[in-house]
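Colleague: okay, structure incoming, though there's no sequence with it:
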């Protein structure tokens, strides 16, 4: 089994750490591909297009994706490869942990950290190359949540997505500021687009990754309000509060449908 590691980057200084961690593995990658995206909003292709461009240059049987602000633990490739030893497995979700104790909570319905690899995240995932292109790669219509859309496409095709919780990467901690709050607002519009595209299918088929006994994640729900209290700019506070109200509407819908949102 040949393995290609693909690292999309937008000139983050952490790229050197990510590359060093991928090179220092118990099992070496057959190739490492660094795919550059522009850091200007006008010329940026986006994460989906950048990952797909890297995948086009790959020759491995399995494509592993890691972000440029992540550091892989030394057994990462080996443990991801072990999951692919089962020929029935099409894709693998690895674990994402945060380096800082005061990590920034997102407003998604998934946990921010992904210690048990329940959520398919572009920061740490793998897929067989032939299946990747049968699915069309990461859907480039999404500027964010392209990894969630890809995972839903896998489940729609009844492809097996395995979990590898011991295949861990450590993600850089984001700063809680007005720019990040605005980014959440932008992301929300894409989340609604994702739900619009996949909700009908998910409600009808109830795939196991969408089905669960609870939706709210108390740890991150509480962390959000802790960070909200630190915002002194009235405009940022108002925007954050409006975002939380919108999220509550999504949570109500998820609870009503007894549905996890990936």
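Modeller: Here it is on my side, so go on. Computed from a predicted structure; not experimentally measured.

Colleague: not counting its neighbours along the chain, what's nearest residue 161?
Modeller: residue 91 (4.7 Å; CB to CB, 6 or more residues apart in numbering). For every residue, glycine as well, the C-beta is placed using N, CA and C.

Colleague: the one you found: what's it in contact with?
Modeller: If you count contacts by CB atoms under 8 Å, 6 or more residues apart in numbering, residue 91 has them with 120, 125, 126, 127, 128, 131, 151, 154, 159, 160, 161, 162.

Colleague: ok, how many other residues are close to the last one?
Modeller: Right, residue 162. 17 (other CB atoms under 10 Å).

Colleague: same check on the first one?
Modeller: Neighbours of residue 120 under the rule other CB under 10 Å: 26.

Colleague: just to revisit the earlier point, buried ones among the contacts of residue 91?
Modeller: With burial judged by 16 or more other CB atoms under 10 Å, the buried subset of the contacts of residue 91 is 120, 125, 126, 127, 128, 131, 151, 154, 159, 161, 162.

Colleague: which residues in the chain form helices?
Modeller: Using DSSP state H, the helices of the chain run over 15-23, 47-56, 76-83, 129-134, 146-156, 178-205, 218-228, 234-256.

Colleague: quick one: mean pLDDT over the third one.
Modeller: The predicted model assigns helix 76-83 a mean pLDDT of 98.

Colleague: and that helix, what's buried?
Modeller: For helix 76-83, by 16+ other CB under 10 Å, it's 76, 77, 79, 80, 81, 82, 83.

Colleague: can I assume the fifth one is in contact with residue 26?
Modeller: No: contact status for residue 81 versus residue 26: not in contact, 10.2 Å apart, counting by CB atoms under 8 Å.

Colleague: if I read this right, residue 27 contacts residue 77, doesn't it?
Modeller: Yes: at 4.7 Å, residue 27 counts as touching residue 77 under the criterion of CB under 8 Å.

Colleague: which residues do those two both contact?
Modeller: When contacts are counted by CB under 8 Å, 6+ apart, residue 27 and residue 77 are jointly contacted by residue 3.

Colleague: contact partners for the residue lying closest to residue 8 once chain neighbours are set aside?
Modeller: In space, and not counting its chain neighbours, residue 8 is closest to residue 50: 4.0 Å by CB to CB, 6+ apart. Residue 50 makes contacts with 8, 35, 36, 37, as judged by CB under 8 Å, 6+ apart.
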